[in-house]
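> Show me how the following folds:
(4 chains)
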There are 4 protein chains.
Amino acid sequence: MKLLDSTAKGVYLITVTPFTDTGALDLPSTDRMVDFCLDKGVTGLTILGIMGEASKLSAEESLQYTQRVLARVDGRVPVIVGVSSPGFASMGELTRSVMDAGASGVMVAPPSTVRTDDQIAAYFDMVNETLGPQVPWCLQDHPVSTGVQMSTGVILRILKNSPICVMLKHEDWPGLAKLSAIRAASDKGELRRVSILTGNGGGLFLPEELTRGADGAMTGFAWPEMMVDVVAAHARGDVERAHDLFDAYLPLARYEQQAGIGLAVRKHLLQQRGVIASAFVRKPGPKLSPQDLADLDRLVRRQDARLRALG
Amino acid sequence: MKLLDSTAKGVYLITVTPFTDTGALDLPSTDRMVDFCLDKGVTGLTILGIMGEASKLSAEESLQYTQRVLARVDGRVPVIVGVSSPGFASMGELTRSVMDAGASGVMVAPPSTVRTDDQIAAYFDMVNETLGPQVPWCLQDHPVSTGVQMSTGVILRILKNSPICVMLKHEDWPGLAKLSAIRAASDKGELRRVSILTGNGGGLFLPEELTRGADGAMTGFAWPEMMVDVVAAHARGDVERAHDLFDAYLPLARYEQQAGIGLAVRKHLLQQRGVIASAFVRKPGPKLSPQDLADLDRLVRRQDARLRALG
Amino acid sequence: MKLLDSTAKGVYLITVTPFTDTGALDLPSTDRMVDFCLDKGVTGLTILGIMGEASKLSAEESLQYTQRVLARVDGRVPVIVGVSSPGFASMGELTRSVMDAGASGVMVAPPSTVRTDDQIAAYFDMVNETLGPQVPWCLQDHPVSTGVQMSTGVILRILKNSPICVMLKHEDWPGLAKLSAIRAASDKGELRRVSILTGNGGGLFLPEELTRGADGAMTGFAWPEMMVDVVAAHARGDVERAHDLFDAYLPLARYEQQAGIGLAVRKHLLQQRGVIASAFVRKPGPKLSPQDLADLDRLVRRQDARLRALG
Amino acid sequence: MKLLDSTAKGVYLITVTPFTDTGALDLPSTDRMVDFCLDKGVTGLTILGIMGEASKLSAEESLQYTQRVLARVDGRVPVIVGVSSPGFASMGELTRSVMDAGASGVMVAPPSTVRTDDQIAAYFDMVNETLGPQVPWCLQDHPVSTGVQMSTGVILRILKNSPICVMLKHEDWPGLAKLSAIRAASDKGELRRVSILTGNGGGLFLPEELTRGADGAMTGFAWPEMMVDVVAAHARGDVERAHDLFDAYLPLARYEQQAGIGLAVRKHLLQQRGVIASAFVRKPGPKLSPQDLADLDRLVRRQDARLRALG
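Numbering: from 1, shown residues only, chains lettered A, B, ... in the order given. Next up, the predicted model:
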């Protein structure tokens, strides 16, 4: 498979990991989910992220799932695999096995134990040493889940020290100023240009981020076509249409991005759309209440009406 | 002034504290802001909260500002004053002075140092002792700013131990299940009923919260009429209209609720609407960039169009 | 091997994981370390804890190291294996493999993501489900490393819900009051009695903890004989002698327990004592400076003199 | 009173704030405490720190207490006042009032809300602006209480940006390497030399810190003569004697430095020594149990014996 590089753009969808109703890996649903994403126009997939329940899989399951996704994708789009680990031995091990299996690159977030700029920069020096000079990687900046605040300065420092870090997954919130500053640094030639894909608040600032110079989105949503269409409208210069599309999906996206129950919402909606067979979430994980389901019914119905009106 | 009680409902607006361009208290803008809020239909005001830059005022300024607001309100609606303090001596001192000046009640959030259920419950026992049996108070549940996670169980425990805690400001995120559980407890008679006003994500879940039994909203937004109208539509049973109104304001509300720059956005918009003379935010505080202002211009223009279409 | 039960007492040493100078597992040093610990009188071993660099081992290394320790111990004392994991799939997998290999039980700490009493209790319900009814386990209460504060109430709740949690590793700081309260609960018959082994501040409160009813220690120190002798003196009622011994080791123990460089200090001292061949610590990990080494030379020399004087 | 400057050395004792048994300020005990400290040889006092229960005093009490201490000291040694505040308005207000009253300087710690190097440095730029060019100040580096980790680099940056920051209170743990690095920077002329007083773990690393170049100690302990004598022995080159003295006090110092109950221990011991009339600690605060008191009786008795033996 082609390796990830810094020209990546469009929508790299963060996928869920489908389980059966008894909690086993659901490989037929995995195939269906891959087909669904590609049909909707995503330009890449990112698997084994937080919303992919990566930490709830055994080592064997992680590899089995990765192999299934790669087989189904069959080289049509790049696949990035999350390899953040509590230790470098397991990070290296997982990286080698998924790259051998045909992944295009890996994604790494800092552990919650690093705090100061120096600690963060030193951590990614060790990441570079662990991944080696051949594996392209994506830096994940997601303070909400990691607790690590990376200033613009420290991100630029990591990018300078990391020859094959080719992508930034930008999820800091609020992060519009940070996005502008990082883009400005490469525009001024202080830094090679990397791909920046955003996932701010789960994509809740997508149109503004595109205006700031993001190359696309890397996040999850049960309607990946929203991101695909918003990015496309923006790319052809139709910013108002990008906002119109975005606004039509916003009420439901807002609901799906709630911390805590978001994953259960997403799996429920993907099941309703016929993509996955079961909305099962492994423990520890949220369950939807009848009131949540009623909320979703209303939000989906209203979204359908807005999309019809929008044409 | 009438004291706060558990029948409170509608919209208690979290107000900004207006400064002049050189950072002094702006008392004429304070008057204008009070008038603006009452014109738009709010049923109460909450001052000296986080978004009111309470910690950036000197003790003298806090009192001066409180007196000015109370004088202008002149008993038309209840005014709640935030009195969260690092110590009980200053909490008691501030409470006595604002109640003497005519406030209707106070609001208290837990300090970031309490963690376990027992620590949280013990803290509010001391709050009750500090406030005494005459001062009605509102419990603020806002983990994003305090770092304190209060489970449903611990909130019920606090309410049981606090005879004159008459209101819950519910801002946990996601918190719909918590809201349902607390309301269910009083419906079943396990607990006296308190007023629940919500501010979840800055009001970003208002229609769903009203459906779960919230009595209204306590948060800030440069268009308080949004909350007033949504609450009113919901109260008369027109849930779809409540959602229509909410959705029309959502793209801008989402932008204003960004952590970090939200207050600067709100003050800028209130200045644009002619409510306050200056958008000055005291240090440490954010400043808006030209790109932020361009975002806001677009969002306001699009919001105006949607509101016209909605009628 | 005999399974762990609630009669456990004495000293369960938290072992380091020996590496060669190039960072590979050092199995001959592992054997020598096992022999050293048993010679000094420890009554159990705990491997793959934080100070055993568990997170820096690959899955294969973890199992290989466990098997080597178990083979060398050969049933002479119980061996507990740390199995705390980001997910239950990997916790279950590791538990099964080490119990099959002959471990006596496992140890589990809560993940940093749980906060409220209910979240903590629910987490350990899932731990019980994961480990099943046959695997005795030890609850690790170590807020300094996990960030999780478990109140006395929540610990009692976990113990009540966990039929084969047979041991508490008590490392909260300060924790003397907690230790007294938990012991009092079983003395009053509110709870079955479990073994309590302490590691408070790395054993820095051992004599006081024994007086409060601890059954011994579970922590690491380059002189395990200190803990063995203190526990023995205390057990035969010679509390003053227990303090004399403890005080003689305290200046060095204090230095070895420094957060951050403690593990490097311990490995250096064990190398000096001829137990392990290399003081290598895997990344990310501290290195000792010449000034640190000079400090240690002085502290060891002074400790030797005090021990000679003590007889 | 003479202003604080960077030649400060010796022992700046962090004082407790004495209360009566009913919780009022105890001014006669305050006088006695000042006399006690000066009799024991301290070279400065630091009041209104965390262990001085500063946050539990009202604004009026803070000023009254400061004035009483300053009157009793009467210029014999410098007095530093803690002015860390949630906002700059109150920090400025308190600073002006205590400097007017005759304080020698103030002490500031960062608020728990700053995280990145840039945020920390920017915060202290605002501190400099708030304090103005006439007020000498001490930078407090105490991650255990603030949650803020300041790297060596960021401390050097603050010192460079702060012309009249004349002192560092060094309490990071472990912090020996940091202390060495900061001292090395001024030795190499990269930075003007500031006074460094340490309080690491409550003074638990004092002899090693003096060897690394600390100018003395700033912390609290019920036996201030320990620090005075250790610093004096070290200053005259008798490092072994410094360690002998330190080791004699270490078992009790270790107990007094326990997080959570340390302040109650210190006040109890000061009451027993006849310095203050009551061991009262304002809420929220710990209480000693009969078992704690028994521990202390033993530790004091054993300490007395060691001191007699030491001569």
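> for chain C, what are the nearby residues on the stretch 201-311 of chain A?
Residues of the stretch 201-311 of chain A lying close to chain C by Cβ under 8 Å from any Cβ of the partner chain are A:Arg282, A:Lys283, A:Pro284. The C-beta positions use only the backbone N, C-alpha and C, and glycine is treated the same way.
> Distance of the closest residue to A:Pro163 other than its chain neighbours relative to chain D?
Spatial nearest neighbour of A:Pro163, chain neighbours left out: A:Pro133 (7.1 Å); criterion: Cβ to Cβ, 6 or more residues apart in numbering or on different chains. With distances taken as Cβ to the nearest Cβ, to the nearest Å, A:Pro133 is found 28 Å from chain D.
> cool, A:Val154 as well?
7 Å.
> In terms of helices and strands, where is that residue?
Element membership of A:Val154 [criterion: DSSP states H and E] is helix A:152-161.
> tilt between the helix or strand following that helix and helix A:152-161?
Downstream of helix A:152-161, the first helix or strand assigned by DSSP H and E is strand A:165-170. Per axes from the mean of the first three to the mean of the last three Cα atoms, to 10 degrees, the angle that strand A:165-170 makes with helix A:152-161 is 160 degrees.
> buried set for strand A:165-170?
A:Cys165, A:Val166, A:Met167, A:Leu168, A:Lys169, A:His170 (16 or more other Cβ atoms under 10 Å in any protein chain shown).
> One more: stretch A:223-241?
By 16+ other Cβ under 10 Å, the buried positions in stretch A:223-241 come out as A:223-234, A:241.
> which residues does the closest residue to A:Phe205 other than its chain neighbours contact?
Computed as Cβ to Cβ, 6+ apart, the closest residue to A:Phe205 that is not its neighbour in sequence is A:Leu176, at 6.7 Å. The contact partners of A:Leu176, by Cβ atoms under 8 Å, 6 or more residues apart in numbering or on different chains, come to A:Asn200, A:Phe205, A:Glu208, A:Glu209, A:Arg212, B:Gln258, B:Gln291, B:Asp292, B:Asp295.
> for the fifth one, phi and psi?
When quoted as degrees, to the nearest 10, the phi and psi of A:Arg212 stand at phi -80, psi 0.
> okay, now it: neighbour count?
Neighbours of A:Arg212 under the rule other Cβ atoms under 10 Å in any protein chain shown: 22.
> So which helix or strand of chain A has the lowest pLDDT on average?
One helix or strand of chain A scores below all others by mean pLDDT, DSSP states H and E: helix A:143-146, with a mean of 87.
> for that one, the distance to its chain's centre please.
Centre-to-centre, helix A:143-146 and its host chain are 14 Å apart (Cα atoms, centre = their mean, to the nearest Å).
> Determine whether any part of it lies close to chain D.
No: Helix A:143-146 stays clear of chain D (Cβ under 8 Å from any Cβ), getting no nearer than 8.9 Å.
> Now do the buried residues in that helix.
Neighbour count says helix A:143-146 has A:Pro143, A:Ser145, A:Thr146 buried, by 16+ other Cβ under 10 Å.
> Closest to chain D out of those?
Proximity to chain D was ranked across the buried residues of helix A:143-146 by Cβ to the nearest Cβ; first place goes to A:Pro143, at 8.9 Å.
> if I look at that closest one, how far off is A:Arg115?
Distance, A:Pro143 to A:Arg115, using Cβ to Cβ, to the nearest Å: 12 Å.
> Can you tell me how far the residue nearest to A:Phe205 is from C:Val73?
Distance, A:Leu176 to C:Val73, using Cβ to Cβ: 58 Å.
> And for A:Ala122?
Per Cβ to Cβ, A:Ala122 is found 37 Å from C:Val73.
> The two: who's more crowded?
Between A:Ala122 and C:Val73, counted using other Cβ under 10 Å, the more crowded position is C:Val73 (23 against 15).
> wait, what's in contact with that one?
Counting by Cβ under 8 Å, 6+ apart, C:Val73 touches C:Val34, C:Leu38, C:Leu45, C:Val79.
> Could you give me the buried positions within the helix or strand containing the second one?
If I follow you right, that is C:Leu38. For C:Leu38, the host element (DSSP H and E) is helix C:27-40. Within helix C:27-40, the residues scored as buried using 16+ other Cβ under 10 Å are C:Leu27, C:Ser29, C:Thr30, C:Asp31, C:Arg32, C:Met33, C:Val34, C:Phe36, C:Cys37, C:Leu38, C:Lys40.
> These into JSON lines, with extra columns for pLDDT?
Listed next are those as JSON lines, based on pLDDT from 0 to 100:
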{"residue": "C:Leu27", "pLDDT": "98"}
{"residue": "C:Ser29", "pLDDT": "98"}
{"residue": "C:Thr30", "pLDDT": "98"}
{"residue": "C:Asp31", "pLDDT": "98"}
{"residue": "C:Arg32", "pLDDT": "98"}
{"residue": "C:Met33", "pLDDT": "98"}
{"residue": "C:Val34", "pLDDT": "98"}
{"residue": "C:Phe36", "pLDDT": "98"}
{"residue": "C:Cys37", "pLDDT": "98"}
{"residue": "C:Leu38", "pLDDT": "98"}
{"residue": "C:Lys40", "pLDDT": "98"}
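> Specify which member of these is nearest to chain D.
C:Lys40 (23.2 Å).
> okay, how far is it across stretch A:34-52, tip to tip?
Terminal residues of stretch A:34-52 are spaced 13 Å apart (Cα to Cα, to the nearest Å).
> which bits of the stretch 51-200 of chain A sit near chain D?
Within the stretch 51-200 of chain A, the positions near chain D by Cβ under 8 Å from any Cβ are A:Arg115, A:Thr116, A:Asp117, A:Asp118, A:Gln119, A:Gln149, A:Met150, A:Ser151, A:Gly153, A:Val154.
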